[in-house]
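1. following is a predicted model, sequence given first.
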Amino acid sequence: MHDILEGVLQLSLLMLLKTLIYEKSYFQLSILNTRIESFCYGPIDTMNKPIKIKETGFLTASDIKQSASQTWCLVRYLPLLIGDLVDEGDEYWNHYLELMTITDYIFAPVTTESTTVYLGTLIEDFLTDFRQLYPERRFTPKLHYLLHISSYMRRCGPLVRVWCMRYESKHSYLKQVAHVAKNYINIPKSLAQHHQKQICYRMANNSTYLKSQATHGKVSQMVAGSLEYFDTLENGHYCNRDSILHRVRFVTVKGTKYAIGYMVICYYDNEFPVFGKVKDILIQPNKDNSLFILTPYICTTNKFMQLLITVMIGLLLLSTVFATAFSVELLQSGVY
């Protein structure tokens, strides 16, 4: 987290923006700030929305003044924010896209030994290009640490499993308590008491705390036969025409929230992900089972690394069995 999100990404993003704004004159910083403010980040990334970049002193700034989560959000959405303003084939922009590829491998939840070898080659090329594109910029220790990432992954596995982001998130609560309490006589004891009281409250008032049971929003009942996609449900042997189903707007499984309008990955087709947009969520009464009605999307990329979403006709049905560790059954509905 500290080496990538608060180190390499912030430095590379700062150098890129300075070049695109002041040397290439593709756009002004005010345009970027306007797009940052008006862009729709969706329900998941809203909490990580980056702040506007201050124009005063930006040319001499040493970082972009964003938190780790805000930096990660900005880096991922930057092609959608300013991609249309940059010339295709720009060497500085391509260098930034190389960094996006590297971070995708670093933050991947799974990895292989061959992937780590390829990642090491990508990092070496990135650092060589960085030296050529920004010769006036001194190499920082965190840039050097990139060279060791691939060997760490071979020894420890996916680095996202051992990063300190979750510890920082836990620590943020304690920092808030310390700021509000304003009692520093015995701060460890004060924080421990507040923490234990919070845990006791959550365990006493939330029957699903520390359990695998799913929670959901407000329920509305309906007859399965009245649904436009009843044939898909019937073909999957999930219900008959007279079955009563509960419709909800969201479900939460082991801390992960799924709501209508969210995008989920169904599977991969020729190494490209096939997404599904949650159109409806149905719960079968007296069963630990929820049905996700999805509109399928297929994802492709052009040479400029901007996502192009092509809508496909039809519906997909995802069944998630909450009694187990989120096992997923994917049913075809005649589309494929």
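-> Yep, it's here.

2. element containing Met203, please.
-> Assigned by DSSP states H and E, Met203 falls within helix 187-205.

3. and that helix, what does it pack onto?
-> The contact analysis (3 or more CB pairs under 8 Å, 6 or more residues apart in numbering; DSSP states H and E) places helix 187-205 against helix 165-181. From N, CA and C alone the C-beta is placed, and that goes for glycine too.

4. now do the buried residues in the helix it packs on.
-> Buried positions in helix 165-181, judged by neighbour count with 16 or more other CB atoms under 10 Å: 174, 177.

5. same question, stretch 183-202
-> So, applying 16+ other CB under 10 Å, buried residues of stretch 183-202: 190-191, 194.

6. distance from that stretch to the middle of the chain?
-> 31 Å (CA atoms, centre = their mean, to the nearest Å).

7. and what of stretch 65-84?
-> Worked out by CA atoms, centre = their mean, stretch 65-84 lies 12 Å from the chain centre.

8. can you list the low-confidence ranges for the chain?
-> Applying pLDDT under 70 to the chain picks out residues 1, 206-213, 236-237, 287-290, 296-336.

9. Leu14: what's its closest spatial neighbour, skipping adjacent residues?
-> Ile64 (5.3 Å; CB to CB, 6 or more residues apart in numbering).

10. pretty sure the one you found sits against Lys54.
-> No. Contact criterion CB atoms under 8 Å: Ile64 and Lys54 do not qualify, at 9.2 Å.

11. higher neighbour count, the two?
-> Ile64 (19 against 12; other CB atoms under 10 Å).

12. quick one: stretch 278-287 to chain centroid distance?
-> 25 Å.

13. nope, stretch 197-208 is what I was after
-> Per CA atoms, centre = their mean, the centroid offset for stretch 197-208 relative to its chain is 28 Å.

14. do the same with stretch 128-145
-> For stretch 128-145, the distance to the chain centre is 27 Å (CA atoms, centre = their mean).

15. all helices of the stretch 51-200 of the chain, in order?
-> In the stretch 51-200 of the chain, the helices defined using DSSP state H, counting those that start in this stretch lie at 68-82, 91-106, 113-133, 141-145, 149-156, 165-181, 187-205.

16. could you pull out the buried residues of the second one?
-> Of the residues in helix 91-106, 92-96, 98-99, 102-103, 105-106 count as buried by neighbour count, 16+ other CB under 10 Å.

17. from the residues you listed, which is closest to Glu136?
-> Tyr92 (13.9 Å; CB to CB).

18. now the helix holding Met203 and helix 165-181, what's the angle there?
-> Counting by axes from the mean of the first three to the mean of the last three CA atoms, to 10 degrees, helix 187-205 lies at 110 degrees to helix 165-181.

19. OK, contacts around the residue nearest to Leu14?
-> 10, 13-14, 17, 53, 71, 74 (CB atoms under 8 Å, 6 or more residues apart in numbering).

20. nearest to Thr232 among the buried residues of stretch 183-202?
-> Once CB to CB is applied, the member of the buried residues of stretch 183-202 that ends up nearest Thr232 is His194, at 49.8 Å.

21. ok, that closest one - contacts?
-> 177, 181.

22. got it, and Met47?
-> Counting by CB under 8 Å, 6+ apart, Met47 has contacts Ser69.

23. and Cys73, by the same measure?
-> Contacts of Cys73 (CB under 8 Å, 6+ apart): 41, 45, 48-50.

24. are any of those buried, and which?
-> If we count by 16+ other CB under 10 Å, these have these buried: 45, 48, 50.

25. for my notes, please list these in a markdown table and give distance to Thr116 and secondary structure for each entry.
-> Shown next, in a markdown table, are these (distance: CB to CB, whole Å; DSSP: H, G, I helix; E, B strand; the rest coil):
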| residue | distance to Thr116 | secondary structure |
| --- | --- | --- |
| Asp45 | 28 | helix |
| Asn48 | 28 | helix |
| Pro50 | 30 | coil |
